[in-house]
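Visitor: structure of the sequence below:
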Amino acid sequence: MATAWLLPLLVLPGMLTDATELPKLLALALSTAILAGIALSRLLVARERAFPRSPLTIPVFSLLLISAISLVGTRAPGSGLYAFLYMASLVAAFAMSSSLPSRHRLVQAMLAASGIVSLYAIGQFIGFDPFSWQSHFKPRVFSTMGNPVFLAGFLAATFPLAFARWLAIESEEEKDLLTLLLAVLGIALFLTWTRGSWFAVSVSTLLQLAVLSSSPGGRATLGRNRTWLVALGVVALVSVIILASPRILGKNPVPVADRLRDALDKKSFSVRFRMGTSEVAWRMAFAHPVTGCGLAAFGTWYPLERLKTRAFKGGWLASQEMFTHNDHLQFLAELGITGLGIWLWLLLCALRWAWHQQRLENPAALDGSAPSPGRSEGFFLGVLGIVVAMAVDATFNFPLHIAPSAWLLFTCLGLMAAEQVPDSRAGSAPGRGQEKASWMIIAACSALVVYQGTRHFLADRAMHEGEWYYIGNNHEMADVYFGQGTLLTPYNRVLNFRRSVTIMRVGAYEWQGESLDTALYHAKRAIELGLEEENAWKQLGDVYGKKSMYDRAISALETAHRINSQREDITNNLAYYMALRGRNFDQALDLARDAVSRAPLDPSYNDTLGYILIKAGRYSEAIPPLRLSLKSLPASNKSQAVQSARAEVLEHLAAAQNRRSL
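Guide: Coordinates of the predicted model:
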């Protein structure tokens, strides 16, 4: 119950992270610990089955097993470990929700929480938002999820459940409340501007109506709701017209036509970007077809593999992405044909079971007897819609990587077996010793997760504090906080990278072997854990350069330059170390000129260009860039960094004027 509220709603001031990160993952972790403790106490203390049999048990646990197998030899062990724990949490939610004696209160909590999330989104649209998100997504709404795509994925998962319940309920008061809930869910979803989720809800709603129309009992349900359906359709159409019209709304209209036109334009960035990520996923699948490249490995493969795609050759693509924007393809890339097959098997089994149970909801579907509406409050029809909506949305986005929506899917799949379990009060009461033992097991599991969760929470806080000091050029304090973060979470690749950067900044003018060795360790560690972006390779190259290991520095910087050739700082550093190594002067000169062309007044880049020209014996050509560099470093500036750079430029300028080699 608490998880149903916390996953969508939990936002901590100062930690406004999105739904794939803290703090929502801490709520998921604590929930999983309690469920694991309950399962262990049933097995070890009560000698009972931890959870009932379900047609979905084998495919769900097979998906967890192939996830573990895929991690063998993965390029991203850090991200893979966390992703596996996330997958295990979803499986625990599935298994233990199936053992509940009733699903009613949990479903109510899911729907109520989604209503609050939607109201918050509508408030954001009209200008009410108590948190300072500093988001670049506005005017798209993102509510408590931090991202409009994440919000849309969650709403797309809850809308079919609410719609099915709305059809099944006959109580006027509850019908009115559910009508309001559907209205706010639909409006909030529309305001996210997320086309894949729009399409997912449309398909799932049409399918739910088609399923009902295929049986006598379902047709009776549609007949009872025909006036409501017409009214709801009219309201939906009017709302779309109002929210999409600048003349009526006045500001921030939803650009429906532009969004749809962009989705159909093969030359648009949205389409080309998805083509690029899909091609990377296919390349990964061909590289490791059976068990995949490893859970959460897509972000490690993407930076270099995107350079080989047709989409990249037709224009620029971002150098770092973590998701394919197609969860099915991501399963294929990371878990191979085996993982994708198990995932599709799970979806088909869920659809078949939900379809069968939905037809049994109303006896009129089988024997023509009088209908008995509200028997299961439309739950099985809702699950059928959830599975379809999630499967469709996962073709365009990544709802399975969003904790609230993925948890809702797996929990509802487990809840389909909930009523097969007798009421717990019907069994014999446990003895006092059994009860104490059970509570001890549950407390032990919870304490372990609280301990680890606290470490991750503190590491995340250290990351935020370190970033604040780093931006303020207080690198000593930034180093302290990043150091605390790496001690708390040694598998965090980003913190290892930040630690390496700050160590170099702190010792920029007083290099010591021990500091450089520590910086090198953390730079290499970040890449070993799966951080394959250009910043990580640049950092590794810079550390190697400071340690006078020029061949390795050039190799690392060449990788960084391949990932992003538009970065003038990477281009400049690569040119400098090539010249320092005394080879490839022509290539180094081209790189240096490219860097200067992007930042003509930068003293460092002009100094590098002059240095290379001197090394190549072209002394007269070296004088103008060196003078320009000197001009950008005034003698009146007493900064240690400026004075050190100025002394180096003066030395180079003297060598060029005296036609003396360096």
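Visitor: ok, for residue 519, nearest residue in space, not its chain neighbours?
Guide: Distances taken as Cβ to Cβ, 6 or more residues apart in numbering put residue 503 closest to residue 519, at 4.1 Å, once the chain neighbours are dropped. In short, each C-beta sits where N, CA and C put it, glycine included.
Visitor: which residues are contacting the host helix or strand of that neighbour?
Guide: Using DSSP states H and E, residue 503 falls within helix 493-506. Identification of contacts with helix 493-506 by Cβ atoms under 8 Å, 6 or more residues apart in numbering yields 78-79, 459, 462-463, 466-467, 470, 475-476, 478-479, 482-483, 485-486, 489-490, 515, 518-523, 525-527, 529-531, 535-536, 539, 542-543, 546.
Visitor: what are the ranges of the helices in the stretch 451-600 of the chain?
Guide: For the stretch 451-600 of the chain, the helices defined by DSSP state H, counting those that start in this stretch occupy 475-488, 493-506, 513-528, 534-546, 550-563, 568-581, 585-598.
Visitor: so which of these is nearest residue 34?
Guide: Proximity to residue 34, assessed across these by Cβ to Cβ, is greatest for helix 475-488 (23.3 Å).
Visitor: give me phi/psi at the residue nearest to residue 257 when sequence neighbours are not counted?
Guide: Nearest residue to residue 257, sequence neighbours excluded (Cβ to Cβ, 6+ apart): residue 244, at 7.9 Å. Main-chain torsions, residue 244, degrees, to the nearest 10: phi -100, psi 0.
Visitor: burial count for residue 244?
Guide: By other Cβ atoms under 10 Å, 17 other residues sit near residue 244.
Visitor: for it, report the pLDDT, please.
Guide: Here, the pLDDT recorded for residue 244 equals 83.
Visitor: switch to numbering from 29
Guide: Right, with 29 as the first residue, what we last looked at is residue 272.
Visitor: give me every residue that touches it.
Guide: Residue 272 sits next to 281, 282, 283, 284, 285 when contact means Cβ under 8 Å, 6+ apart.
Visitor: let's go with 7 Å and repeat that
Guide: Residue 272 makes contact with 281, 282, 284 under the criterion Cβ atoms under 7 Å, 6 or more residues apart in numbering.
Visitor: would you mind measuring from it to residue 425?
Guide: Applying Cβ to Cβ, to the nearest Å, the value for residue 272 to residue 425 is 21 Å.
Visitor: go on, residue 55?
Guide: Distance of residue 55 to residue 425, given as Cβ to Cβ: 22 Å.
Visitor: residue 66 too?
Guide: Noted for residue 66: a distance of 33 Å to residue 425, by Cβ to Cβ.
Visitor: look at those two and report which has more neighbours.
Guide: residue 425 (27 against 19).
Visitor: surely that one meets residue 224?
Guide: Yes. Using Cβ atoms under 7 Å, residue 425 makes contact with residue 224 at a distance of 4.8 Å.
Visitor: using a markdown table, please lay out the helices of the stretch 479-628 of the chain together with mean pLDDT and distance to residue 211.
Guide: Below are the helices of the stretch 479-628 of the chain laid out as a markdown table (pLDDT from 0 to 100; distance: least, Cβ to Cβ, whole Å):
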| stretch | mean pLDDT | distance to residue 211 |
| --- | --- | --- |
| helix 503-516 | 93 | 44 |
| helix 521-534 | 91 | 41 |
| helix 541-556 | 88 | 47 |
| helix 562-574 | 94 | 45 |
| helix 578-591 | 94 | 46 |
| helix 596-609 | 92 | 51 |
| helix 613-626 | 92 | 51 |
